[in-house]
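[1] Prediction below, plus the sequence it came from.
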Amino acid sequence: MNDVWLKMAEFLGRLNGESVSRESYVRTPEYEKALEAWKEKEQEWEDFLETLSTEQREKLEEIKECQEDFSSAQELRAYIQGYVDCVQALYHMGLLNENKELKIH
């Protein structure tokens, strides 16, 4: 990844982490459904963990944390890709001009 896209990813990552209570924050029906499903299963998950040995519980929590980190990274990548696609669409529609100083090789 070149420097321009790296800086763009850092900026958009900070923007993505802003307040989720802002009016423009998108919460899709799919997100709401998945969140509700997790809320229904969370106590079942906690109860299940209690049936395991300490070693097994720690291993499952480690796996779950890894999965959450991966999901978060996928979400951020998709968020940034959406911005990139939007900029490219605006450029190809002639609404943005090319800046020779920022040209990516």
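    Thanks, I have the structure now.
[2] When you work out contacts or count neighbours from here on, use the C-alpha atoms and nothing else.
    Will do.
[3] Could you give the average pLDDT over the top helix by length along the chain?
    In the chain, with assignment by DSSP state H, the single longest helix is helix 54-92. What helix 54-92 shows for mean pLDDT is 92.
[4] which SS class is residue 95?
    Classification of residue 95 using DSSP: H, G, I helix; E, B strand; the rest coil returns coil.
[5] Pop out the phi and psi values for it.
    When read as degrees, to the nearest 10, the backbone of residue 95 gives phi -90, psi -10.
[6] distance of it from residue 8?
    Here the criterion is CA to CA, to the nearest Å. By it, residue 95 lies 20 Å from residue 8.
[7] Looking at those two, which is more packed in?
    residue 8 (14 against 10; other CA atoms under 10 Å).
[8] can you dump the C-alpha coordinates of whichever strand or helix holds that one into CSV?
    Using DSSP states H and E, residue 8 sits in helix 3-16. Taking Å, rounded to 0.1, in the frame of the first residue of the first chain, the C-alpha atoms of helix 3-16 are listed here in CSV:
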residue,chain,number,x,y,z
ASP,A,3,1.7,6.4,1.4
VAL,A,4,-1.4,8.1,0.0
TRP,A,5,-3.7,5.2,0.6
LEU,A,6,-2.1,4.5,4.0
LYS,A,7,-2.7,8.1,5.2
MET,A,8,-6.3,7.9,3.7
ALA,A,9,-6.9,4.6,5.6
GLU,A,10,-5.7,6.2,8.9
PHE,A,11,-7.9,9.2,8.4
LEU,A,12,-11.0,7.2,7.5
GLY,A,13,-10.3,4.8,10.3
ARG,A,14,-10.5,7.7,12.8
LEU,A,15,-13.6,9.0,11.1
ASN,A,16,-15.2,5.6,11.2
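[9] buried stuff in that helix?
    9, 12 (16 or more other CA atoms under 10 Å).
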